[in-house]
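Novice: Take this sequence and fold it.
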Amino acid sequence: MAERGELNNPRPSTLQKFDTGLSWKPGSAANVYWESAQPVVLGRAPYKAGTGNITVGLDPLTKLLAAQRGMHREIDGLEDRTSGVDDLRAALRKLDVAVSAIAGSFVTETLERNHGQHHKAIDSAIAALLELPVDYDDPEREEKLYRRWLYGSPIEVDQATAQRFARRLKDSRRR
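Specialist: Numbering: from 1, shown residues only. Got it, this is the predicted structure:
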């Protein structure tokens, strides 16, 4: 019944069996059922939101501001007919790259802090971003693969890369 989502008014003993079977902290199944809370997996800390702040270096900030100026220039060009839709698309791609670099830093830090956990806040904010394919010639390829590896997405990396990712995660926990 529970597998089909048909569990109605479960007894405390039933919920305790879920806690035991799923290696959840006692009371987690009741919190999940009655309060739509996240379970606390034994041996893992609950989701850590962090400060929400990241350090943005001069290079990513400069690229973001240049992309923003480019967008304004192309929109002005559309209005006076000196730019076309293709120019606007090219400017938008540059803006996407600049925003991705900054957002990527936040996503990486969040995934490192919460490695091995799936939480509504993480899933709703970034899961869709991590489903996008990573091009072989993308200059941010390794960073993007690292984020997917942290999230637990099925990716193909060689053993040396996986070891590098594991060391990087271990180093991030010392900060």
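Novice: buried stuff in the host helix or strand of residue 59?
Specialist: Assigned by DSSP states H and E, residue 59 belongs to helix 58-79. Residues of helix 58-79 classed as buried by neighbour count (16 or more other C-beta atoms under 10 Å): 60, 63-64, 67, 70, 74. In this view, the C-beta of every residue, glycine as well, is placed from N, C-alpha and C.
Novice: now the helix or strand just after it: mean pLDDT?
Specialist: Reading on from helix 58-79 to the C-terminus, the next helix or strand found by DSSP H and E is helix 85-113. This predicted structure assigns helix 85-113 an average pLDDT of 86.
Novice: returning to what we had before: from the buried residues of helix 58-79, which shows the smallest pLDDT?
Specialist: residue 60 (87).
Novice: Against residue 105, how distant is that one?
Specialist: Plainly put, residue 60 is 8 Å away from residue 105 if you go by C-beta to C-beta, to the nearest Å.
Novice: So what's the residue count around the nearest residue to residue 40 once chain neighbours are set aside?
Specialist: Leaving aside its chain neighbours, residue 40 sits nearest to residue 25 (4.0 Å; criterion: C-beta to C-beta, 6 or more residues apart in numbering). By the criterion of other C-beta atoms under 10 Å, residue 25 has 15 neighbours.
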